[in-house]
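Asks: structural data only, the sequence is not supplied:
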């Protein structure tokens, strides 16, 4: 009976540690900045690691030409690139967090959802995320 209580206390302690690490990860992702660009950097979109768009820069010459369709395409492309980088950065942080946990099968499960782990997500293809 006391052994069960000891195990429960251990599980609760580990849960608190996990919660603390998750909060640290969220704060770190909130500070992370990634950029996506299109049209030879004529459109640049900045996002956070939490996948929030923080800023958009548009080369003024694009506005003078009044090619709205092209500008829309560039904005979509740059935004998707920035969000893809933010997703990969988030997956990398999640993989770091889960690698510290000793839960059987967790790493494989995470990889099936593209959230890091062996053979899954967390790759840096498409260029490194910029910080700062």
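Replies: Noted; the coordinates are in hand. None of the values given here were measured: they were computed from a predicted structure.

Asks: you'd agree residue 34 is in a strand?
Replies: Yes - counting by DSSP: H, G, I helix; E, B strand; the rest coil, residue 34 is found in a strand.

Asks: gap between it and residue 63?
Replies: For residue 34, the distance to residue 63 equals 25 Å [CB to CB, to the nearest Å]. C-beta coordinates here come from the backbone N, C-alpha and C atoms, glycine included.

Asks: how about whichever strand or helix holds residue 71: buried residues?
Replies: Secondary structure from DSSP states H and E places residue 71 in helix 68-99. Of all the residues in helix 68-99, those buried under the rule 16 or more other CB atoms under 10 Å are 71, 74-75, 77-79, 81-95, 97-98.

Asks: show me what contacts the most centrally placed residue in the chain?
Replies: Compute the mean C-alpha point of the chain, and by CA atoms, centre = their mean the closest residue is residue 90, 2.4 Å away. By CB atoms under 8 Å, 6 or more residues apart in numbering, the contact set of residue 90 is 29, 49, 50, 51.

Asks: would you turn these into a markdown table with neighbour count, pLDDT and secondary structure?
Replies: Output for the contacts of residue 90, formatted as a markdown table (neighbours: other CB atoms under 10 Å; pLDDT from 0 to 100; DSSP: H, G, I helix; E, B strand; the rest coil):
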| residue | neighbour count | pLDDT | secondary structure |
| --- | --- | --- | --- |
| 29 | 19 | 89 | helix |
| 49 | 25 | 90 | coil |
| 50 | 16 | 90 | coil |
| 51 | 16 | 91 | coil |
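
Asks: state the pair within these that is farthest apart.
Replies: 29 and 51 (8.7 Å; CB to CB).

Asks: ok, now which ones touch residue 79?
Replies: 36, 45, 47, 53, 56.
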